[in-house]
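>>> below are the sequence and a predicted model for it; my questions follow.
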Amino acid sequence: MCVTGHFVDSNWQLHKRLLSFIPLPPPHAGHDIFNGLMKCTKDWGIEHKSRKLTLEGKLFHVRCTAHILNLVVQDGLSDIQSIIEDVKKSVRYINQSESWLRKFSDVVHHLGIPVKRLIIDCPTRWNSTYEMLVEAYRVKDAFPIFKEGEPFYRYCPTLDDWKKVKDVVDILEVFYEATHYYVYKSCFI
């Protein structure tokens, strides 16, 4: 894995420099990439710096890591946006009525799953989408049963949709943990 830095010199020329090359054997999982980058920042002694780095008198601008993770994840989520919308519409439908919420909770309870309230995401905060998907996936078996008793409920994700949600949740978990790590660290800088 190559780690590069970008900077603008005094003549406003953009430059790019190779900062490190890290051997990263396959598979190239997000967790491994994250650990490699963290090792680099610790080796350079900049693990607590999140925005700027000066090297040999030149100013390097480093975007906030949490923001970069947000951009990467938002781009990836766009591939399954229709599935996310079905989950979101399902959660909205169930939460909009006390009787529907009670029926859904009864189904979840009957399945032996601890009852928690379904949450709706905030589209600008990918981590809330992750939390919504995690919670909905946890009770995925309740949606088709709920649908049997609700003729106007049309947003039930399919088994194939839930497989994709599970795959996405597994991938996003690494980003979720990395974001919490960086946010937690930045609170103490």
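Received, thanks.
>>> other SSEs contacting the host helix or strand of residue 15?
For residue 15, the host element (DSSP states H and E) is strand 14-21. Judged by 3 or more Cβ pairs under 8 Å, 6 or more residues apart in numbering; DSSP states H and E, the packing partners of strand 14-21 are strand 2-8, helix 30-44. (C-beta placed from N, C-alpha, C; glycine too.)
>>> out of those, which is the most enclosed?
Mean neighbour count (mean count of other Cβ atoms under 10 Å) peaks for helix 30-44 among those, with a mean of 15.
>>> dump that helix to PDB, restricted to CA.
The C-alpha trace of helix 30-44 is given here as PDB (Å, rounded to 0.1, in the frame of the first residue of the first chain):
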ATOM      1  CA  GLY A  30     -10.500  -2.300   5.500                       C
ATOM      2  CA  HIS A  31      -9.300  -3.200   8.900                       C
ATOM      3  CA  ASP A  32      -5.800  -4.100   7.600                       C
ATOM      4  CA  ILE A  33      -5.600  -0.800   5.600                       C
ATOM      5  CA  PHE A  34      -6.700   1.100   8.700                       C
ATOM      6  CA  ASN A  35      -4.100  -0.600  10.800                       C
ATOM      7  CA  GLY A  36      -1.400   0.100   8.200                       C
ATOM      8  CA  LEU A  37      -2.300   3.800   8.100                       C
ATOM      9  CA  MET A  38      -2.300   4.000  11.900                       C
ATOM     10  CA  LYS A  39       1.100   2.400  12.100                       C
ATOM     11  CA  CYS A  40       2.400   5.000   9.600                       C
ATOM     12  CA  THR A  41       1.000   7.900  11.600                       C
ATOM     13  CA  LYS A  42       2.500   6.500  14.800                       C
ATOM     14  CA  ASP A  43       5.800   5.900  13.100                       C
ATOM     15  CA  TRP A  44       5.800   9.600  12.000                       C
END
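>>> just to revisit the earlier point, partner strands of the strand holding residue 15 and their direction?
Note on strand 14-21: by DSSP bridges, its sheet partners are strand 2-8 (antiparallel).
>>> could I get the average pLDDT for the partner strand?
Averaging pLDDT along strand 2-8 gives 70.
>>> ok so, going back, quick one: distance of the strand holding residue 15 to the chain centre.
27 Å (Cα atoms, centre = their mean, to the nearest Å).
>>> that strand to helix 30-44, inter-axis angle?
Relative orientation of strand 14-21 and helix 30-44, computed by axes from the mean of the first three to the mean of the last three Cα atoms, to 10 degrees: 100 degrees.
>>> name the helix or strand for residue 150, please.
Per DSSP H and E, there is no helix or strand for residue 150.
>>> give the contact list for the closest residue to it other than its chain neighbours.
What sits nearest to residue 150 in space, not counting adjacent residues and going by Cβ to Cβ, 6 or more residues apart in numbering, is residue 100, at 6.9 Å. Shown in contact with residue 100 (Cβ atoms under 8 Å, 6 or more residues apart in numbering): 93, 94, 150.
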